[in-house]
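*Asks:* Structure for this input, please:
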Amino acid sequence: MSIKRFLFGVAAGAGLVLPTASVNADAVSDFYSGRNFEIHVGFAAGGGYDVYARLLSRYIGEHIPGKPTVIVKNRTGSATIKLTNLLYNKGPIDGTVMGMVARGIPTHTLLGGKGAKFDPTKFHWIGSMNNEVSACMLHKRSGASNFADVLKKKVVVGGQGASSDADQFANFITNLMGAQFKLITGYPGTAVTVLALDRGEVDGICGWSWTSVKQMRGGELKAGNIYPVLQMALKKHPDLPNVPLITDIARTDGQRKQMELIFSRQTIGRPFLLPPQVPKERVVAIRKAFVDTMKDPKFIAAVQKSKLELNWVSGDEVQTLVETVLATPKDIVEATKQNLFPKGPVQTAKLTYIDAKGSIAEIQRGGRRVVLTVDGKKTKIGISGSGTKIMVDGKKAKRSAFKPGMSCVFSYLGEGTTARSADCKS
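*Replies:* Got it, this is the predicted structure:
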């Protein structure tokens with residue numbers, strides 16, 4: 001008999017319980033202590049996913065054993081397909097990197113999406129920060145005041161890529177219901193798509209989370225410059241009792257079943273995951289840390305102050321929903337797939353970078369955001385440690401080199417987006 005089996009036998013005989021859970025907890029704490037815990041967001045800075053992730057990052061570290069330093073990084077590409085592929089196939093697989101991906105990721109391949117190199121059921125789903133309702137938002141210049149108008153009048157809408165809500169929802173409504181949407185796709189995140197709406201490049205976004213609408217353009221909403229014409233979820237939002245729910249306009253039972261498949265993703269509204277190979281005890285610890293954060297009074301107060309919604313879903317619930325959705329009957333899946341993608345050519349967005357010249361007024365988030373004064377007005381610019389090319393006095397530099405008062409030229413897409421380059425003089 002081995003020593004290990006002997007000790008367990010003695011413990012059992014003596015009515016003792018060995019502190020296995022405690023040992024595991026100590027091992028997890030020892031692992032995370034002194035390390036960085038990174039949250040990689042598959043969308044650009046400033047959008048709804050990014051806002052939720054950064055809010056979570058301020059509190060979850062206190063609930064992870066060992067209390068690691070939490071860092072958020074933006075890893076854009078193909079509406080989070082790029083990030084999801086990287087996490088699944090390359091990791092890191094030790095539990096130091098958690099991804100925040102599009103809610104449509106679990107059904108991407110099931111519904112005919114391309115480019116995925118992962119099995120959604122094998123990820124460790126950590127949880128979702130909100131059960132989302134998305135809206136089809138139009139600008140008043142569109143000339144369409146309700147959904148009935150959209151069936152008769154062409155409206156240009158923007159999206160972020162083939163697997164994004166904005167693309168798939170616009171295509172689905174066009175193909176299934178006969179909406180007259182013209183899609184311009186390829187904007188790197190919701191924040192940039194909203195800027196395109198501001199500039200008149202597009203007249204709507206059909207798949208914009210209601211929480212993000214209120215948080216990002218509450219003033220425009222209140223002024224009546226933008227408004228919802230359709231809700232895309234399985235249940236109406238309390239804010240929108242008079243805006244039709246998509247399932248309410250289904251003409252047949254088959255249409256309704258397709259809608260239920262597509263919009264089940266709204267429950268997985270703001271999802272986080274860990275790669276499949278992460279050790280089980282660390283998965284358990286991170287899932288618990290997520291739940292504990294959702295219940296943290298300080299975190300809840302911060303959510304309320306940010307005017308965001310918090311209707312969280314646990315990792316176990318998300319995992320079960322992913323597996324259930326992926327078991328949808330094939331006939332419903334095949335019918336739905338035909339309506340998710342464009343029937344003809346789609347226009348690709350032309351990204352217009354702006355060279356903003358001014359002086360640094362403030363440095364925020366440890367250098368991850370700079371407030372620049374340009375012609376007397378302040379603008380916020382995101383700074384990526386790996387994605388922003390930084391020059392100071394003609395030499396390559398890190399974002400830690402930024403100082404208030406520096407004269408700089410930032411190349412970026414607009415307010416709140418991440419700069420691709422910065423050229424400063426001290």
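*Asks:* Against which helices or strands is the longest strand along the chain packed?
*Replies:* The strand that spans the most residues within the chain, counting by DSSP state E, is strand 354-364. For strand 354-364, the elements it packs on are strand 369-374, strand 377-382, strand 407-412, judged by 3 or more Cβ pairs under 8 Å, 6 or more residues apart in numbering; DSSP states H and E. Quick note: C-beta positions are derived from backbone N, CA and C, even for glycine.
*Asks:* Any idea which of the ones you listed gets closest to residue 275?
*Replies:* strand 377-382 (25.7 Å; Cβ to Cβ).
*Asks:* Beyond the closest one, next helix or strand please.
*Replies:* strand 389-392 (DSSP states H and E).
*Asks:* count of residues packed around residue 82?
*Replies:* Using other Cβ atoms under 10 Å, residue 82 is surrounded by 15 other residues.
*Asks:* quick one: contacts for it?
*Replies:* With contact set as Cβ atoms under 8 Å, 6 or more residues apart in numbering, residue 82 has these partners: 42, 75-76.
*Asks:* If you rank these by neighbours, which is first?
*Replies:* Among the contacts of residue 82, where neighbours are counted by other Cβ under 10 Å, the top count belongs to residue 42, at 28 neighbours.
*Asks:* next one: phi and psi at the nearest residue to residue 299 once chain neighbours are set aside?
*Replies:* Spatial nearest neighbour of residue 299, excluding adjacent residues (Cβ to Cβ, 6 or more residues apart in numbering): residue 59 at 4.3 Å. Geometry field for residue 59 lists phi and psi as phi -130, psi -30, criterion degrees, to the nearest 10.
*Asks:* how close does residue 59 sit to residue 310?
*Replies:* Between residue 59 and residue 310 the computed distance is 12 Å (Cβ to Cβ, to the nearest Å).
*Asks:* ditto for residue 113
*Replies:* As defined by Cβ to Cβ, residue 113 lies at a distance of 29 Å from residue 310.
*Asks:* residues touching residue 333, list them.
*Replies:* For residue 333, the set of contacting residues under the criterion of Cβ under 8 Å, 6+ apart consists of 110-111, 261.
*Asks:* please redo it, this time with the cut-off set to 7 Å
*Replies:* Contacts were defined as Cβ atoms under 7 Å, 6 or more residues apart in numbering; by that measure residue 333 touches 110-111.
*Asks:* can you check residue 118 too?
*Replies:* With contact taken as Cβ under 7 Å, 6+ apart, residue 118 is in contact with 84-85, 88.
*Asks:* If any of the residues you listed are buried, give me the ChimeraX selection for them.
*Replies:* The following ChimeraX selection, which keeps only the buried ones among those, applies the criterion 16 or more other Cβ atoms under 10 Å:
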select :84,85,88
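*Asks:* Residue 191 - that's part of a strand, no?
*Replies:* No - applying DSSP: H, G, I helix; E, B strand; the rest coil, one finds residue 191 to be helix, outside a strand.
*Asks:* Would you agree it is in contact with residue 43?
*Replies:* No - using Cβ atoms under 7 Å as the test, residue 191 is too far from residue 43 to be in contact (8.0 Å).
*Asks:* tell me, what's touching those two both at once?
*Replies:* Counting by Cβ under 7 Å, 6+ apart, no residue touches both residue 191 and residue 43.
*Asks:* on that earlier part again, more neighbours, residue 113 and residue 310?
*Replies:* For residue 113 versus residue 310, neighbours defined as other Cβ under 10 Å are more numerous around residue 113 (21 against 18).
*Asks:* Please list all residues in contact with that one.
*Replies:* Each residue near residue 113 by Cβ under 7 Å, 6+ apart is listed here: 162-163.
*Asks:* Per the annotation, how does the protein divide into domains?
*Replies:* When the chain is parsed into structural domains using automatic domain parsing, the resulting residue ranges are 19-130+267-332, 134-265+338-348, 354-425.
*Asks:* Mean pLDDT added to those, as JSON lines?
*Replies:* Supplementary listing: these in JSON lines, determined by pLDDT from 0 to 100:
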{"stretch": "domain 19-130+267-332", "mean pLDDT": "93"}
{"stretch": "domain 134-265+338-348", "mean pLDDT": "94"}
{"stretch": "domain 354-425", "mean pLDDT": "94"}
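*Asks:* List the contacts of residue 111.
*Replies:* Residue 111 is in contact with 333, 336-337, 340, counting by Cβ under 7 Å, 6+ apart.
*Asks:* List buried residues within those residues.
*Replies:* For those, burial is judged from neighbour counts taken by 16+ other Cβ under 10 Å, and it is met by 333, 336, 340.
*Asks:* so of those, which ones are in helices?
*Replies:* Secondary structure of the buried ones among the contacts of residue 111 is defined by DSSP state H; positions in helices are 333, 336, 340.
*Asks:* Next up, the contacts around the second one.
*Replies:* If you count contacts by Cβ under 7 Å, 6+ apart, residue 336 has them with 111, 258, 261-262.
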